[in-house]
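**Q** need coordinates for the following:
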Amino acid sequence: MNATPYAVAITLGLSAAGFAAGAQAYQSGDWLARAGTHYIDPKSDNNDVVSVDGSLGITGSLVYFLRPTIAIDLLLAVPYQHDISLNGGGKVADTRHLPPTLSLVWYPQVSDVWHPFVGVGVNHTFFFDESTQGALEGTKLHLSDSTGIAAVAGVDFVLSPRWSLMLDLRYIDIDTKATVDGASIGDVEIDPIGYGMALGYQF
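**A** Residues are numbered from 1 along each chain as shown. Just a heads-up that it's a prediction; the model follows:
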């Protein structure tokens, strides 16, 4: 993955933060809506038979502050599509998934112009629209839904009293049972890291 856009975003965020001296920390009852993107990078060696490739998709989140330093974060996404390949071979399938994730997040008050955060939560991933080709052409692939823990760490850079730039890293425990024509080929441990960037609006 090319990290250059993220490096540029950090530079722009830091520069913009210098002009946001009037910005304030979050308050109880604040809402924060974000829209952006995450690159989902599955771990290597997902399964003995197949591997799941990475994918870039559109994501959004809605954050509600229970207290100035504690918030609930709901991550949503436009359905992702992932290619599935045989280990040592070519593409044999693809699938789509939705990974809604609910987290409890801590925002330590360290600055009025940038807000780091860390959190933990739970994810439920829905897999659907599996299709096959190549060596699996004509077979039926099924991936079961997955529920697992999630973690997030990131930072908001204040751009104005209402707008911010968010960068984050997310870990999601995604394990799905894969079957081909009803026969199990084992668990596929996707367990991705998500690299995210989004614009946020506070209201």
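**Q** where does this structure have low pLDDT?
**A** 1-24 (pLDDT under 70).
**Q** pull the longest strand from the protein.
**A** The strand spanning the most residues in the chain, taking DSSP state E as the definition, is strand 114-132.
**Q** name the strands paired with whichever helix or strand comes after it and say parallel or antiparallel.
**A** Helices and strands here follow DSSP states H and E; after strand 114-132, the next one along the chain is strand 141-143. Next to strand 141-143 in the sheet, as set by DSSP bridges, lie strand 175-180 (antiparallel).
**Q** export only the CA atoms of the partner strand, formatted as CSV.
**A** Taking Å, rounded to 0.1, in the frame of the first residue of the first chain, the C-alpha atoms of strand 175-180 are listed here in CSV:
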residue,chain,number,x,y,z
ASP,A,175,-12.9,-15.4,11.2
THR,A,176,-15.2,-17.0,8.7
LYS,A,177,-16.0,-20.7,7.9
ALA,A,178,-15.6,-21.4,4.2
THR,A,179,-17.4,-24.2,2.4
VAL,A,180,-17.3,-25.2,-1.3
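**Q** what sits up against that strand?
**A** With contact meaning C-beta atoms under 8 Å, 6 or more residues apart in numbering, strand 175-180 is reached by 47, 50, 125, 127, 136, 139-146, 148, 184-191. Using the backbone N, CA and C atoms, a C-beta is placed for each residue, glycine as well.
**Q** do the same with stretch 127-143
**A** The contact list for stretch 127-143, computed with C-beta under 8 Å, 6+ apart, reads 79, 84, 86, 89-98, 144-146, 176-182, 188.
**Q** hmm, 6 Å instead?
**A** 90, 92-97, 176, 178-181 (C-beta atoms under 6 Å, 6 or more residues apart in numbering).
**Q** swap in stretch 144-160?
**A** For stretch 144-160, contacts defined as C-beta under 6 Å, 6+ apart pick out 13, 16-17, 20, 23, 101, 103, 113-121, 123-126, 164-177.
**Q** buried residues in it, which are they?
**A** Within stretch 144-160, the residues scored as buried using 16 or more other C-beta atoms under 10 Å are 146, 148, 150-152, 154-159.
**Q** among those residues, which one sits closest to Met197?
**A** Ranked by distance to Met197 (C-beta to C-beta), the buried residues of stretch 144-160 are led by Gly154 at 9.5 Å.
**Q** so what pairs up with the nearest residue to the closest one once chain neighbours are set aside in the strands?
**A** With C-beta to C-beta, 6 or more residues apart in numbering as the criterion, Gly154 has its nearest non-adjacent residue at 2.8 Å, and that residue is Asp168. Beta bridges link Asp168 to Gly154, Gly196, judged by DSSP bridges.
**Q** my guess is Asp168 contacts Gly196. True?
**A** Yes: the criterion here is C-beta atoms under 6 Å, and Asp168 meets it with Gly196 at 4.5 Å.
**Q** the more surrounded of those two?
**A** In this view Asp168 and Gly196 are compared by other C-beta atoms under 10 Å, and Asp168 has more residues nearby, 24 against 21.
**Q** how about that one, what does it touch?
**A** Counting by C-beta under 6 Å, 6+ apart, Asp168 has contacts 152, 154, 196.
**Q** what of Arg34?
**A** Shown in contact with Arg34 (C-beta under 6 Å, 6+ apart): 61, 166, 198, 200.
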